Structure formats: structure tokens, C-alpha cells
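Peer 1: pasting the sequence and the predicted model now:
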Amino acid sequence: MIAAANFTASNTTADLSGHGTHVAGIAAASFDNDTGISGMAPNARLMDVKVLAVGADGRTSGDCADVADGIVWAANQGADVINMSLGSPSPCPAMALAIDYAFNRGALLVAAAGNDGTTDRLYPAAYDHVLSVAATDNGDRIAGFSNRGASWVDVAAPGVGIVSTLPTYDNATGVVGYGYLSGTSMAAPIVSGIAGLIWDRLPAVDANRDAEARIVASAEAIPGTGTYWRYGRVDACRAVTANGPRCSGIPLEPPLASPPTAPPPSEVGQPAPIAPPLANRPAVPGTYKGSLGRAGGPLRLRVGDRGDALIRIQVTVQLRCQAGPARRPKIAALSTTEYGKIEQNGRFALRVRRPGKVVRSQQIQINGTFEVAKRRVGGTLRVTGVAGGSNRCDSRSIRWTARLAG
């Protein structure tokens with residue numbers, strides 16, 4: 001594990017569902033250690049990016065804005081392949097932008113097609129710049145639970161009864177160490193692992209495009225190709241050997257008239273659901289711009305994609321101090337992991353502490369109300385701190401307003 005980050009509200013990085021550990025093992029579990037299984041790319045290095053968490057109801061789920069943050073973070077850390085065994089039936093603009101960002105930085109993005117047994121699209125699998133993966137069984141047929149559709153699903157990979165790693169502590173699977181799960185969540189990391197196997201064999205420039213091209217070109221045109229998925233079932237051997245002679249001995253058969261039936265995978269085998277953006281958001285997402293006038297300078301607030309959290313405050317404010325001249329510090333606070341909650345009625349009240357340089361021990365008290373229909377927000381702001389040894393400074397209470405930019 002070379003890097004880790006937690007973008008959820010959970011106070012633990014532990015994998016309480018078992019889903020992420022199982023997916024990671026399929027892609028890159030170590031080999032030659034006389035223990036358990038080997039992943040598709042056992043020499044690959046992993047990043048642990050937590051964007052899903054187990055809720056009070058015991059279900060694993062996530063927020064599309066958290067997923068978007070995780071994708072961007074992974075891309076900035078230099079991830080070559082980003083596996084996404086998760087999904088939502090609703091598009092998420094923030095996630096789509098994050099995917100484009102990661103792809104343009106050279107990452108290959110792979111996603112599970114979903115386990116509803118329909119042609120309904122699942123996101124992020126259905127987005128451009130994502131390699132979408134359906135599941136097959138041990139007879140090289142489409143798994144009955146797998147989503148399908150050659151218009152948006154690219155390839156297939158085994159996804160029934162896949163053995164892999166599980167946490168060494170209690171988790172939602174009820175098994176520790178190693179166990180079997182089924183789902184397109186299990187098929188996606190097989191494809192991600194193949195990408196890891198061939199990555200170093202490709203030119204650094206456009207490696208993500210070349211890896212995808214080799215994976216789809218080497219896929220076996222098993223029954224269902226052209227109907228359930230566009231290219232075929234992936235073939236690791238042919239991908240590694242640059243589309244050389246066929247490596248598998250499975251004979252081609254006529255296309256299936258209808259998919260076989262199969263029981264749906266367990267809850268933990270499902271692509272973990274992502275909540276779509278709120279329909280009735282307390283605030284319109286985006287950047288709100290205003291000014292404090294004589295009391296300071298520019299003020300900007302950034303509202304997250306779901307419209308229920310402040311994820312950035314930037315303001316220049318004038319502070320009167322007990323001794324010496326007034327100070328005008330520039331203040332930046334909050335982030336996607338340290339955000340401010342916006343209530344359903346549009347109100348918020350925050351107290352943020354910052355170390356500061358010009359003025360130390362800053363305390364920012366800000367409150368206000370968003371007016372969705374008018375695309376504006378207003379309230380009061382007060383900043384206090386210390387300049388020098390014990391020179392206390394205070395902006396007093398300042399009224400402010402800001403409007404949505406653009």
C-alpha cells in the first residue's frame with residue numbers, strides 16, 4: 001500500500017463491509033508467499049481510497065461527491081489504473097468531471113456494469129473514458145444477474161464465485177481471511193489487474209489509451225459479444241502477449257438466445273451504491289462571490305456538488321487590534337473532508353479555527369442563509385485572533401452577501 005485517504009464521514013478506515021478488500025485482492029494480492037491467492041497483477045502497488053462506508057443500517061454506500069473527490073485524489077497521486085466497483089442509476093456531474101480529469105492525467109478507469117440483470121445503465125460504468133465490465137460464469141456465459149448492453153458495456157470478465165482476500169476482522173461478509181463473492185464488482189478488478197500486468201509494456205505517453213485498446217482487442221468473442229457487451233470476454237494471456245495466438249481452449253459457440261438465470265450476488269458483492277445529488281438541495285452548488293467592502297476584501301464560498309455542504313471559505317477581512325495598525329489577513333478554510341453542513345432550510349452556522357501567520361489563533365464565526373430561488377446567500381462574519389505576543393485583534397460582526405457566479 002503506497003498511499004491512503006478517507007473521503008467519507010466515517011471515523012475509521014477499516015473495511016467493515018469486506019467489499020473493498022475482496023476487490024483489491026482480485027486485482028493485486030501478493031503471490032509466492034504460500035498464503036491465500038494471487039491477484040491478477042501481484043506486483044502492482046495499491047492505493048486505498050475510501051469513498052464508501054457502512055451506515056447505521058449495515059449497508060455500504062457512498063456519496064457521488066466523495067467518489068469524485070477520491071478519483072481526483074488518486075489521479076493527483078499518480079494512479080495508473082482506478083477501479084470503481086460501485087455505481088448509481090443516476091448520473092453525477094461531479095463524478096463525470098472527475099473521470100475526465102483522471103483520464104486526461106493518464107489514468108485508465110474501470111467500472112462494474114451492475115447486478116440488476118437489465119440493460120439499464122449504471123454510472124460511472126456508462127460514462128465515456130470508462131471501461132465498463134459485465135460478469136460471466138464458469139461456463140463463459142453471461143451471469144444472469146449482470147447488467148448488459150453492447151451500446152455501453154465494453155467487456156466481460158469472470159464474476160461468479162470469485163475467491164479473494166477479506167479483512168482479518170469482523171465484516172459484513174461474515175467471513176475473515178479469504179472467501180467467495182459474486183458480482184460485477186468482482187469482474188471489474190480482473191480487468192484492472194490485466195491493465196496492471198501490461199502497463200509497463202506500454203509507452204508512457206497515452207498508456208491508458210493503449211492499455212484499453214489492447215484489452216479490448218485481445219478479448220475473446222464468446223457468445224453474447226455484440227449483444228451483451230461490445231468486445232468480448234477479456235483474455236489476460238493475449239493482452240500480455242500483444243494479441244498473439246489464442247491462449248484459451250474454449251471453442252466458439254453460436255450466440256445465446258437468452259441469458260442464463262443465476263441468483264443475484266450477495267449484498268457485499270454488489271457494486272456499492274452511490275447516492276445521486278439531492279433533488280431538493282438546500283443550496284445551488286458552485287462558487288458564491290461577494291465583498292466585505294471597507295471591512296475587508298473579496299469573499300468566496302464554495303458549495304459542494306450535493307448542495308448540502310460548504311467546502312471552501314476564502315475571505316480577506318480587516319481586523320482592529322489592541323495595539324498597532326489594523327491587519328488584513330487572507331483566510332482560507334474548509335475542504336471536502338472538513339466541511340460545513342448546510343441545513344435543509346438553507347441555514348448554516350460555523351466556527352472554524354485556523355493557525356494563521358499574520359494573525360495567529362484565528363477563530364472564524366460565520367453564519368448565513370442560502371436563497372435557492374435567488375441564487376444568493378447572506379449572513380454575518382466575525383474573525384478574531386492574536387497579532388504579535390498578546391495583541392488581540394477583532395473584526396467585529398460584519399454583514400455580508402454573495403451571489404452564485406456564472
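Peer 2: Okay, I see it. Everything numeric in this text was worked out from a predicted model, so none of it was measured. Numbering: from 1, shown residues only.

Peer 1: and the strands in the stretch 51-200 of the chain, which stretches?
Peer 2: Under the criterion DSSP state E, counting those that start in this stretch, the stretch 51-200 of the chain contains strands at 52-54, 60-63, 81-84, 86-87, 108-112, 130-136, 155-158, 162-165, 178-181.

Peer 1: and Gln363, what helix or strand is that in?
Peer 2: Taking DSSP states H and E as the definition, Gln363 sits inside strand 360-371.

Peer 1: next SSE downstream of that strand?
Peer 2: Using DSSP H and E, the helix or strand that follows strand 360-371 in sequence is strand 376-387.

Peer 1: next secondary structure after that next one?
Peer 2: Where DSSP H and E defines the elements, the next helix or strand beyond strand 376-387 is strand 391-394.

Peer 1: residue ranges with poor pLDDT in this structure?
Peer 2: Under the criterion pLDDT under 70, the flagged ranges of the chain are 55-58, 243-279, 305, 336-337.

Peer 1: nearest to the spatial middle of it, which residue is it?
Peer 2: Taking Cα atoms, centre = their mean, the centroid of the chain lies closest to Val67, which sits 2.4 Å from it.

Peer 1: wait, that residue sits on Leu97?
Peer 2: No. With contacts counted by Cβ atoms under 8 Å, Val67 stays clear of Leu97, the gap being 11.6 Å. Every residue, glycine included, has its C-beta placed from N, CA and C.

Peer 1: quick revisit: ok, now which ones touch the residue nearest to the centre of the chain?
Peer 2: Taking Cβ atoms under 8 Å, 6 or more residues apart in numbering as the criterion, Val67 is in contact with Phe7, Val51, Met84, Leu86, Cys92, Met95, Ala98, Pro124, Ile274.

Peer 1: cool, Thr8 as well?
Peer 2: Here Thr8 is in contact with Lys50, Val51, Leu52, Ala53, Gly62, Asp63, Asp66 (Cβ under 8 Å, 6+ apart).

Peer 1: ok, 10 Å please
Peer 2: Applying Cβ atoms under 10 Å, 6 or more residues apart in numbering to Thr8 gives the contacts Lys50, Val51, Leu52, Ala53, Val54, Ser61, Gly62, Asp63, Asp66, Asp69, Gly70, Thr337.

Peer 1: what does Ala28 give?
Peer 2: The contact partners of Ala28, taken as Cβ under 10 Å, 6+ apart, are 38-46, 81, 83, 165, 189, 192-193, 196.

Peer 1: swap the cut-off to 7 Å and go again
Peer 2: By Cβ atoms under 7 Å, 6 or more residues apart in numbering, the contact set of Ala28 is Gly39, Ala41, Pro42, Ala44, Leu46, Gly193, Gly196.

Peer 1: quick one: it and Thr136, what's the gap?
Peer 2: Using Cβ to Cβ, to the nearest Å, Ala28 is found at 21 Å from Thr136.

Peer 1: and the contacts of Val67, which two are the farthest apart?
Peer 2: Among those, the pair separated by the greatest distance (Cβ to Cβ) is Phe7 and Pro124, at 15.3 Å.

Peer 1: what are the ranges of the helices in the stretch 201-350 of the chain?
Peer 2: 207-217, 236-240 (DSSP state H, counting those that start in this stretch).

Peer 1: okay, buried residues for the longest one please.
Peer 2: What that stands for is helix 207-217. Judged by neighbour count (16 or more other Cβ atoms under 10 Å), helix 207-217 contains these buried residues: Ala207, Asn208, Asp210, Ala211, Glu212, Arg214, Ile215, Val216.

Peer 1: wait, the fifth one sits on Leu109?
Peer 2: No. With contact defined as Cβ atoms under 7 Å, Glu212 and Leu109 do not form a contacting pair (9.3 Å).

Peer 1: overlap of the contact sets of these two?
Peer 2: Common neighbours of Glu212 and Leu109 (Cβ under 7 Å, 6+ apart) are Leu131.

Peer 1: remind me, longest helix of this protein?
Peer 2: helix 184-199 (DSSP state H).

Peer 1: elements contacting that one?
Peer 2: If you count contacts as 3 or more Cβ pairs under 7 Å, 6 or more residues apart in numbering; DSSP states H and E, helix 184-199 packs onto helix 19-28, strand 81-84, strand 108-112, strand 130-136, strand 155-158, helix 207-217, helix 236-240.

Peer 1: which one of these is the most hemmed in?
Peer 2: Most buried of the helices and strands packed on helix 184-199 by mean neighbour count (mean count of other Cβ atoms under 10 Å) is strand 108-112; its value is a mean of 30.

Peer 1: got the angle for that one vs helix 207-217?
Peer 2: For strand 108-112 against helix 207-217, the angle by axes from the mean of the first three to the mean of the last three Cα atoms, to 10 degrees is 50 degrees.

Peer 1: quick one: strands adjacent to strand 108-112?
Peer 2: In the sheet, strand 108-112 lines up against strand 81-84 (parallel), strand 130-136 (parallel) (DSSP bridges).

Peer 1: ok, and what's touching the last one?
Peer 2: In this structure, residues lying in contact with strand 130-136 by Cβ under 7 Å, 6+ apart are 99, 108-113, 124-126, 142-143, 146-148, 152-160, 183-184, 187-188, 191, 212, 228-229, 233.

Peer 1: before we move on, the earlier item: Phe7 and Pro124: which has the busier surroundings?
Peer 2: The neighbour comparison of Phe7 against Pro124 (other Cβ atoms under 10 Å) goes to Pro124, with 29 against 23.

Peer 1: wait, the more buried one touches Ile99, no?
Peer 2: Yes. If you go by Cβ under 7 Å, Pro124 and Ile99 touch, sitting 5.9 Å apart.

Peer 1: rewinding a little: which one of the contacts of Val67 is nearest Arg354?
Peer 2: Phe7 (21.6 Å).

Peer 1: any idea how far that closest one lies from Asp69?
Peer 2: Distance from Phe7 to Asp69, by Cβ to Cβ: 5 Å.

Peer 1: Val155 and Ala239 touch, don't they?
Peer 2: No. Judged on Cβ under 7 Å, Val155 makes no contact with Ala239 at a distance of 10.6 Å.

Peer 1: quick one: common contacting residues for these two?
Peer 2: Ile215.
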